[in-house]
Every structure is written in structure tokens, then in C-alpha cells.
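Undergrad: Provided below for reference: sequence and predicted model.
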Amino acid sequence: MNTPPIKPRLLLVTGLSGAGKSSVLDALEDMGWDTVDNLPADLLEDFVHGPKQCRTAPVAVGMDVRSRGFDPGSAFQLIHAIDGVQPEVLYLDCSPAELERRYSKTRRRHPLALDRPAEDGIEIERRMLMPLHRAANAVIDTTVLTPVELRQELQRRFGTVREPVLTLVSFGFGLGVSRTADLVFDMRFLANPYWVDDLREQTGEDADVQAYVATDPAWGDAMDRIESLLTDWIPRYWSAGKNYLTVAFGCTGGRHRSVAAAIEMAKRLQAAGYNPNIRHRDLAAATGGPNEPRPGTHPAQ
């Protein structure tokens, strides 16, 4: 018995102007949805089923009183007339006082009150949209929701989970601190392979350099502590809505200790269930003398 294919979702995102439609569409796009905002009503079917287009990803369309041809009384029927999709309506609500505050803060005019106070437009729009509010499959009141809380609510209702991006970077302080890093760990307290003739031209990707760095008495404890910190903090960053996290390891030249540390931490985080990317920013930099003294010498010597 053949199972019929699952139809992609078609979500109409609508509601009161200023209630967060753009924020919702941005969040859905990050979750893998195809999104478009303020699409004219007569272009809806062409967007969903364009020429030579096989629709597989879920679609979210933002439409409200600003969209050309939008009719609150027939919008529900409009999306249900599209073949080959699972139509749904998400209505965004918000208290009048909060909407007034948002319009005052952004200094934007309400689309239905260009020459009157925003509160007049809010009340007119609320009455216009009442039929769509009643017919909606889901209603989210954004009055007291923070952006992170709104994203979490959308993930629960409409989520197609997309794993946040974790990147481990190695770099050399001598060439500048990594500007993209969220967290930076300075590995210059470790013994420097640069001062070992047989290791100078190698890098932290080489087994000999990794073995040398691992013999430093501080190595194991440092890696354990950093691993413990990251496995505790990374889920907290994800819960706070952060989609990208870059953890950087620095040494003097960016070719030995920082590289070995990034590789070692990647292995540990993979074992903990993460899927980090690794980028060695300065690995190809020319080998030059480090800006730190040879062991056993004074900087002034």
C-alpha cells in the first residue's frame, strides 16, 4: 500500500500591524521555511506553485492590511483554495497599549491612521481583522513576549529543527585577536613548540606537535576545564536564541598551540554530541619568530 506524500505546510502569518509579523517571518526562515512578506493576494498561488517549481519546503506568507488585495473576510478561504499544501493561519495579537508604545518608540505611522493617532488605526484594524482572528488555527499574543520567547514559541509550534552553528577557531595574537569570536581562550601559557627545532615548521595539525603540547602539565586540566565550561554554556547560548557561536583559541603565531587546542576540543565536543566546525585562521601564515621570549630568558635580554 502506497502512502500518499505529506503535503508541505502553507502558513499565512497575519494579525495586527506592529504585533511582530516581520520577527515571526525571520524566525521561520531561520527554521527552514520559505518566507515572503507583504505578498499581494493575487500572487499567492504563483509563489506557492511557481513555474517548474516542486514545492517541498514549508511556506510562510506575511499578509495584513498593508498587502495589496488583502481581504480579512476572505483570506482564510484564499489559502485553503491552494492545492497541494496544508493551509494554516497564524494570527498575531497584541494589547492596544503595547502597540501604541511600539509605534511611539519606532516613530512609525499606523497604516490605517496616517493623519490620526495610532490608537485610532489600532482599533479600526482590530475590528477589520476579527473574522480572521476567529478563524485562525493558532493565535500568539506578543504583548509580553521577548524576542527569544517568541522564537521558542514558534519552534514549539512550527519548528523544523535546524541545529545552531558551532565553530572552533584557532588564531595568533600576533596577527590580531579573532574579531568573530564570542569566547576566547588564551593558550600562550603552554610550552611553545616553536622553540623545538624539529617542530618549528610543523603545525598543530601534526601528531608530533599535538603530542608535545599534551606533555605540558597544564594541558589536561586546562582542556578539562574548558570542556566543562563549554558543555555548560553552549546549551545556554542556544536557549537564549543564539544561532551562531564561535569559540576561539589563541596562541602567539596561530600555528601550534591554538591549532592543537581547537582540534582537541572539537574531538571532545563531538563526543558530547555536538557537531563543531573548525577553522584555522592563521595556519598558512609564514613562520616567524614569536613575540614571546625563549624559555629561560628575560624579555629584556
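TA: Sure, I can see it.

Undergrad: Looking at residue 142 now. What's its pLDDT?
TA: Note for residue 142: predicted pLDDT of 94.

Undergrad: Please name the spatially closest residue to it (chain neighbours excluded).
TA: residue 20 (4.5 Å; C-beta to C-beta, 6 or more residues apart in numbering). In this view, the C-beta of every residue, glycine as well, is placed from N, C-alpha and C.

Undergrad: ok, which stretches of the stretch 1-150 of the chain are strands?
TA: Taking DSSP state E, counting those that start in this stretch as the criterion, the stretch 1-150 of the chain carries its strands at 9-15, 34-37, 59-62, 86-93, 138-141.

Undergrad: helices and strands around the third one, which ones?
TA: Going back to what we said before, that points to strand 59-62. Secondary-structure packing of strand 59-62 (3 or more C-beta pairs under 8 Å, 6 or more residues apart in numbering; DSSP states H and E): strand 9-15, helix 21-30, strand 34-37, helix 44-48.

Undergrad: Lowest mean pLDDT across the ones you listed, which one is that?
TA: For those, where the average pLDDT is lowest is helix 44-48, sitting at a mean of 85.

Undergrad: Could you check how far residue 109 is from residue 66?
TA: Per C-beta to C-beta, to the nearest Å, residue 109 is found 11 Å from residue 66.

Undergrad: got any ranges where the stretch 151-300 of the chain has weak pLDDT?
TA: 160-163, 286-300 (pLDDT under 70).

Undergrad: need the strands for it, in chain order.
TA: Under DSSP E, counting those that start in this stretch, the stretch 151-300 of the chain gives strands at 165-172, 183-186, 244-251, 277-280.

Undergrad: So for residue 16, which of the ones you listed sits nearest?
TA: Nearest to residue 16 among the strands of the stretch 151-300 of the chain is strand 244-251; the distance by C-beta to C-beta comes to 31.3 Å.

Undergrad: Other residues contacting the closest one?
TA: 164-173, 177-178, 180-188, 190, 192, 230, 234, 237, 257-259, 261-262, 265 (C-beta atoms under 8 Å, 6 or more residues apart in numbering).

Undergrad: Mind checking which of those residues are buried?
TA: 164, 166-173, 178, 181, 185, 187, 190, 192, 230, 234, 237, 257-259, 261-262, 265 (16 or more other C-beta atoms under 10 Å).

Undergrad: Output the strands of the stretch 151-300 of the chain in a markdown table, with distance to residue 155 appended to each entry.
TA: Listed next are the strands of the stretch 151-300 of the chain as a markdown table, based on distance: least, C-beta to C-beta, whole Å:
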| stretch | distance to residue 155 |
| --- | --- |
| strand 165-172 | 16 |
| strand 183-186 | 24 |
| strand 244-251 | 17 |
| strand 277-280 | 22 |
